[in-house]
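> mind looking at a prediction? Sequence and model below.
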Amino acid sequence: MFKRIFWMGLGVTAGVLLVTKAEAYVRANTPKRAREFVLGEDQDQVASRTLSGLVRQFTQTMHQRQDELDRRYLDRFQG
């Protein structure tokens with residue numbers, strides 16, 4: 001179990017570092033119009049917008065799945 005935690009932590013850390021370095025590279029080596037196309041106009045909030053989008057999508061999918069399970073089991077017990 002500790003091996004999994006270690007490797008998951010290492011993977012998350014490597015992912016964060018890779019994204020940070022890639023974003024810094026894009027900011028340093030691309031023209032402003034290209035950066036705005038790739039990162040959007042509000043370039044300082046890319047990480048928070050991405051995270052909020054992921055959380056919103058996860059929550060929406062979770063609610064859809066819960067509704068599907070509720071319908072399935074309610075039909076089973078009522079019918």
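Cool, got the structure. Residues are numbered from 1 along each chain as shown.

> going forward, measure contacts between C-alpha atoms and count neighbours the same way
Fine.

> name the residues of the lowest-mean-pLDDT helix or strand in the chain that come out as buried.
The weakest-scoring helix or strand in the chain, judged by mean pLDDT, DSSP states H and E, is helix 32-39 (a mean of 80). Buried residues in helix 32-39, counting neighbours by 16 or more other C-alpha atoms under 10 Å, are found at Arg35, Leu39.

> and it, C-alpha only, in PDB?
This file holds the C-alpha atoms of helix 32-39, laid out as PDB (Å, rounded to 0.1, in the frame of the first residue of the first chain):
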ATOM      1  CA  LYS A  32       0.900  37.200 -27.100                       C
ATOM      2  CA  ARG A  33      -2.000  36.400 -29.500                       C
ATOM      3  CA  ALA A  34      -0.900  32.700 -29.700                       C
ATOM      4  CA  ARG A  35      -0.800  32.500 -25.800                       C
ATOM      5  CA  GLU A  36      -4.300  34.000 -25.600                       C
ATOM      6  CA  PHE A  37      -5.500  31.500 -28.100                       C
ATOM      7  CA  VAL A  38      -4.000  28.600 -26.100                       C
ATOM      8  CA  LEU A  39      -4.400  29.800 -22.500                       C
END
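
> quick one: the following helix or strand past it to chain centroid distance?
For helix 32-39, the following helix or strand on the C-terminal side (DSSP states H and E) is helix 46-78. Centroid separation between helix 46-78 and its chain, computed with C-alpha atoms, centre = their mean, to the nearest Å, is 15 Å.

> pull out the buried residues from the helix or strand where Val26 lies.
Element membership for Val26, per DSSP H and E: helix 2-29. For helix 2-29, a neighbour-count test (16+ other C-alpha under 10 Å) marks Val26, Arg27 as buried.

> gap between Thr30 and Gly40?
For Thr30, the distance to Gly40 (C-alpha to C-alpha, to the nearest Å) stands at 13 Å.

> what's the answer for Leu74, then?
Relative to Gly40, Leu74 is positioned 45 Å away (C-alpha to C-alpha).
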